[in-house]
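In: Here is my input, please return the structure:
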Amino acid sequence: MHKHDRLAAFLRAFDLKARVLSGPTDSANLYVAAREVGEGASHIRFNVAGGPPPEGEFAVIVSAGVDFSGELNPLVGTLPDRMDFLLADTPALQGVADLFIGEAQSPRCGTVSVQDRLCEVIIVLVIRRAIAAGAVKAGMLAGLAHPALHRSLVAMHDEPACKWSVERLAQIAGMSRSHFIERFGTVVGETPGAYLTAWRLTLGRKALMSGRSVKQVAYQVGFGSVEAFSRAFSAKYGVPPSSVKNGM
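Out: Have a look, this model is predicted:
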């Protein structure tokens, strides 16, 4: 694994599910398309929040419905609403898209599972591309795209329970404390402490929904006490963590 894998924590914490669909439907948000009917794939569109296919611009070959844990996943909220990629610009994506279309057009044993896994790979490559291209200028995605700040973000994502100090995070980013605080605020849009707390609460909420106890979750995500976790959780979500645990 890459030393600073910007997506690993999200793929561990949040379910990425994809399902190939029989033609464009309201459930579709990923489209592999050609410039003309009968031609090979040339274009991918990912409508993060859903939306129409690229009608008139391209001929849709395969469509799919993708769910990356929706509003539970903070990464989803930072992605552009629509992402378009020319496959000629991304050879890796072209190769996977061709395999994807081949499975969709010539079904064989296990083809549904293969299609769905290839679709998931396409989404990871699309998000990678969005990060590399600096598709968003502020927020989490901008931080992950930053050549230095991404290291501190990945550290927090990978080890949320660690007692991170601003000094340590600045050191990981290779910056002075003051420069790190200034850059983090400008690029990500909040302080490192606020970001870390929000990430811990996001993971905590997900863990509660999976059935873990409030006490277990509080310490697992890095809060010093159940009381501190409960206060922060209630302030962010407007309900106590016990209500999530009880399915309310």
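In: so how many other residues sit close to Ala232?
Out: 18 (other C-beta atoms under 10 Å). Placement of C-beta: from N, CA and C, glycine included.
In: Run through who's touching the helix or strand encompassing it.
Out: Secondary structure from DSSP states H and E places Ala232 in helix 226-237. The contact list for helix 226-237 (C-beta atoms under 8 Å, 6 or more residues apart in numbering) reads 197-198, 200-201, 204-205, 214-215, 217-218, 221, 223, 239-242, 244.
In: Might you specify the subset of those located within helices?
Out: Under the assignment DSSP state H, the contacts of helix 226-237 contribute 197-198, 200-201, 204-205, 214-215, 217-218, 241-242, 244 to helices.
In: Redo those as a markdown table? Include neighbour count and distance to Glu227.
Out: Output for the ones in helices among the contacts of helix 226-237, formatted as a markdown table (neighbours: other C-beta atoms under 10 Å; distance: C-beta to C-beta, whole Å):
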| residue | neighbour count | distance to Glu227 |
| --- | --- | --- |
| Thr197 | 20 | 15 |
| Ala198 | 15 | 19 |
| Arg200 | 22 | 15 |
| Leu201 | 21 | 15 |
| Gly204 | 26 | 14 |
| Arg205 | 18 | 17 |
| Val214 | 18 | 10 |
| Lys215 | 12 | 11 |
| Val217 | 24 | 13 |
| Ala218 | 25 | 9 |
| Pro241 | 24 | 11 |
| Ser242 | 14 | 13 |
| Val244 | 19 | 17 |
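In: Now the two most distant members of the residues you listed.
Out: The largest separation in those, counting by C-beta to C-beta, is between Ala198 and Lys215 at 21.0 Å.
In: for the chain, what spans make up the strands?
Out: 17-21, 30-34, 43-47, 59-67, 82-86 (DSSP state E).
In: As JSON lines, these with mean neighbour count would be great.
Out: JSON lines is the format used below for the strands of the chain (neighbours: other C-beta atoms under 10 Å):
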{"stretch": "strand 17-21", "mean neighbour count": "18"}
{"stretch": "strand 30-34", "mean neighbour count": "23"}
{"stretch": "strand 43-47", "mean neighbour count": "22"}
{"stretch": "strand 59-67", "mean neighbour count": "20"}
{"stretch": "strand 82-86", "mean neighbour count": "16"}
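In: Could you export the ones you listed to a markdown table, including columns for distance to Gly143 and mean pLDDT?
Out: Putting those into a markdown table (distance: least, C-beta to C-beta, whole Å; pLDDT from 0 to 100) gives the following:
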| stretch | distance to Gly143 | mean pLDDT |
| --- | --- | --- |
| strand 17-21 | 26 | 87 |
| strand 30-34 | 25 | 91 |
| strand 43-47 | 21 | 92 |
| strand 59-67 | 23 | 90 |
| strand 82-86 | 18 | 90 |
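In: Let me have those in JSON lines, adding distance to Glu159 as columns.
Out: Output for these, formatted as JSON lines (distance: least, C-beta to C-beta, whole Å):
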{"stretch": "strand 17-21", "distance to Glu159": "26"}
{"stretch": "strand 30-34", "distance to Glu159": "32"}
{"stretch": "strand 43-47", "distance to Glu159": "30"}
{"stretch": "strand 59-67", "distance to Glu159": "27"}
{"stretch": "strand 82-86", "distance to Glu159": "29"}
